[in-house]
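**Q** here is my input, please return the structure:
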Amino acid sequence: MSTPTGLFERNGHYYLRFIIPTHQRHLFNGRTRIVQSLSTRQKRQAVLAATMLRAELLSKLLSQSPTANIQTTTTDTQPKAPTRLLRDVFNRWCESKHRSKDSIQACHRALSLFETLTPNKPIDEITRDDGDAFRAALGTLPASSKTTKDRFTWVKALMRFAHEDLGWLSVNLWAGLKVFSTTERPRRAWTNEEIEILLSQPIYTEGELPKAWNAGGEAAYWIPLLGLLTGARLSEIAQLKTSDISLKNNVINIRNRDPQQRIKTASSERSVPIHSELLRLGFAAYIAKQQVEGKDWLWSDLPRRQAKAGGFFSTWFGRNRKRIGLDPDLDFHCFRHTVRTQLVEQKHSELLIDRLLGHAPVGSTGAKTYTHGHSLLPDLIAGLNFPAVAKLRSIAQYENRLLL
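**A** Got it, this is the predicted structure:
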C-alpha cells in the first residue's frame with residue numbers, strides 16, 4: 001500500500017501532517033495544519049492509522065463544504081434529482097432507529113475509508129466494479145481479514161439501506177459481494193497449569209480485590225469462575241441482572257429481557273445450571289447480598305460500556321493476564337473452548353454441548369427440534385472439573401475482607 005500523504009517519522013515515532021484548505025480553516029479554529037501523533041513506531045500500523053485519520057478529516061471537510069449541497073440550475077423541464085452520496089445514506093441510517101455508539105463509530109470509520117480509497121461517487125453512479133475495487137483496496141491495508149470483512153460489510157449495509165429502506169437505488173449492485181475472513185489466531189483451551197496461575201492471585205487466595213476501576217470489584221472474582229464453570233460468553237455474564245439468577249431452580253437465565261441486555265442469537269437464550277463449586281465458594285451468599293442491597297444488576301460495581309456489557313472488564317482481564325505472565329493468545333473466550341474440550345473428552349453429545357453454550361444446533365431437522373435435552377444439562381455442568389477450582393476455599397473465610 002502506498003504511503004498516505006503527510007505521513008512522516010520523527011525520533012522513531014510516526015505522525016500525520018494534514019494541510020487545511022484556506023477557505024475551510026474556520027472549521028479548525030483558524031489552524032493552517034494539523035500535526036498529530038499516530039502513537040506507534042511501526043510503519044505498518046502508522047500507514048493504517050494515517051489512512052483512517054486522513055479519511056475522517058477529509059470527511060469533515062467534505063460534509064462542511066459550502067458547495068456540498070448546492071444544486072446546479074438546469075434548463076430541463078424536469079427538476080434534477082439531488083446529488084446523494086453514501087454519507088447522506090449514513091446520516092439517514094443513523095436517524096432511522098436507535099443505534100449503539102459503537103455501531104455508529106464502526107460504520108463511520110468504514111465509510112471514511114470508502115471516501116478515501118474510492119472516487120466517492122454519487123450513490124446512483126456507484127457500480128459493482130466500484131464495490132470490487134473497494135474490497136481490493138481494503139485488502140491492501142495492514143489489518144486482519146476479519147477487520148477487512150467488517151469494514152466492507154458496513155459499507156455494503158449502507159448500499160442495502162439505500163436500496164431497501166430509502167428507495168434511493170432501484171437495485172443494490174453490491175448484493176452478493178463478499179469478503180471472506182480467516183482465523184489468524186485460533187483460540188485454544190486453557191490448560192490446568194494456566195488455570196492454576198490465574199487462580200493463584202491474591203483475589204482468590206487472600207480476598208484482595210483489584211483496585212482497577214474496570215475490574216468491577218467483586219465481579220473480578222466471580223466472572224472468570226462463571227466463565228470457566230458455565231462456558232458462557234463474557235458479554236452474557238457481564239450483563240446479568242440479579243433477577244436472572246434462580247437459586248430455587250439452581251439456574252442462570254441468559255436472556256435479553258432488559259433493553260440493555262443483548263444476546264448473540266436466538267439460540268443464545270438459555271438456562272445454565274449453577275455448578276456446585278460456585279455454590280460452595282459462596283455464590284448464593286453473593287446473590288443474597290445483592291438482593292438485600294436492592295441491586296438490580298448482578299455486578300453493580302462493574303462499569304458498563306454501551307453495546308458491549310463486558311468491554312471494560314475484557315480490557316482489565318487482558319491486562320491482568322499479561323501482568324501475571326499468561327500466554328497472550330489466552331483470552332476470556334478461551335474458557336468456552338476449555339468447557340467444550342472437557343465435555344467432548346467426556347463423550348457428551350455435540351448437540352447437548354451446543355445447547356449449553358448457546359450455539360445454534362446443526363444437523364437434521366430432528367436434531368434442531370430436539371427439546372428435552374435441557375434436563376441433561378446439569379449432568380454436563382457437574383462433569384466440569386478443574387483441580388485449581390477445587391482447591392479454592394470458600395470466600396466465607398474473608399469475613400472482614402471486601403468480598404463479603
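**Q** the nearest residue to Asp244 once chain neighbours are set aside: what secondary structure?
**A** Spatially, and ignoring its direct neighbours in sequence, Asp244 is nearest to Asn253 (4.6 Å; Cβ to Cβ, 6 or more residues apart in numbering). To be clear about C-beta, it is placed using only N, CA and C from the backbone, and glycine gets the same treatment. Secondary structure, DSSP: H, G, I helix; E, B strand; the rest coil: Asn253 is strand.
**Q** thought Asn253 was touching Ile274?
**A** No: checked against Cβ atoms under 8 Å, the pair Asn253 and Ile274 is beyond contact range at 10.8 Å.
**Q** identify the contacts common to these two.
**A** Ile245 (Cβ atoms under 8 Å, 6 or more residues apart in numbering).
**Q** what's the pLDDT at the closest residue to Lys146 other than its chain neighbours?
**A** Spatial nearest neighbour of Lys146, chain neighbours left out: Ser181 (4.2 Å); criterion: Cβ to Cβ, 6+ apart. For Ser181, the pLDDT comes out at 75.
**Q** just Gly363 next, same as before
**A** Note on Gly363: pLDDT of 53.
**Q** on that earlier part again, Asn253 and Ile274 - which one has more neighbours?
**A** Per other Cβ atoms under 10 Å, whichever of Asn253 and Ile274 has more neighbours is Ile274, with 22 against 16.
**Q** what about the helices in the stretch 201-350 of the chain?
**A** 202-205, 219-230, 234-238, 276-280, 283-292, 311-323, 334-345, 350-357 (DSSP state H, counting those that start in this stretch).
**Q** between those, which one is closest to Glu125.
**A** Closest to Glu125 of these is helix 311-323 (Cβ to Cβ; 38.7 Å).
**Q** so for the closest one, what's the average pLDDT?
**A** pLDDT averaged over helix 311-323 gives 93.
**Q** picking that back up, give the contact list for the residue nearest to Asp244.
**A** 244-246, 270-271.
**Q** before we move on, what about Phe28?
**A** Listed by Cβ under 8 Å, 6+ apart, the contact partners of Phe28 are 20, 34.
**Q** then Leu326?
**A** 194, 197-198.
**Q** as a markdown table, the contacts of Asn253 with pLDDT and neighbour count would be great.
**A** Formatted as a markdown table, the contacts of Asn253 follow (pLDDT from 0 to 100; neighbours: other Cβ atoms under 10 Å):
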| residue | pLDDT | neighbour count |
| --- | --- | --- |
| Asp244 | 96 | 19 |
| Ile245 | 96 | 21 |
| Ser246 | 95 | 13 |
| Arg270 | 94 | 19 |
| Ser271 | 94 | 15 |
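**Q** good, we can wrap up now.
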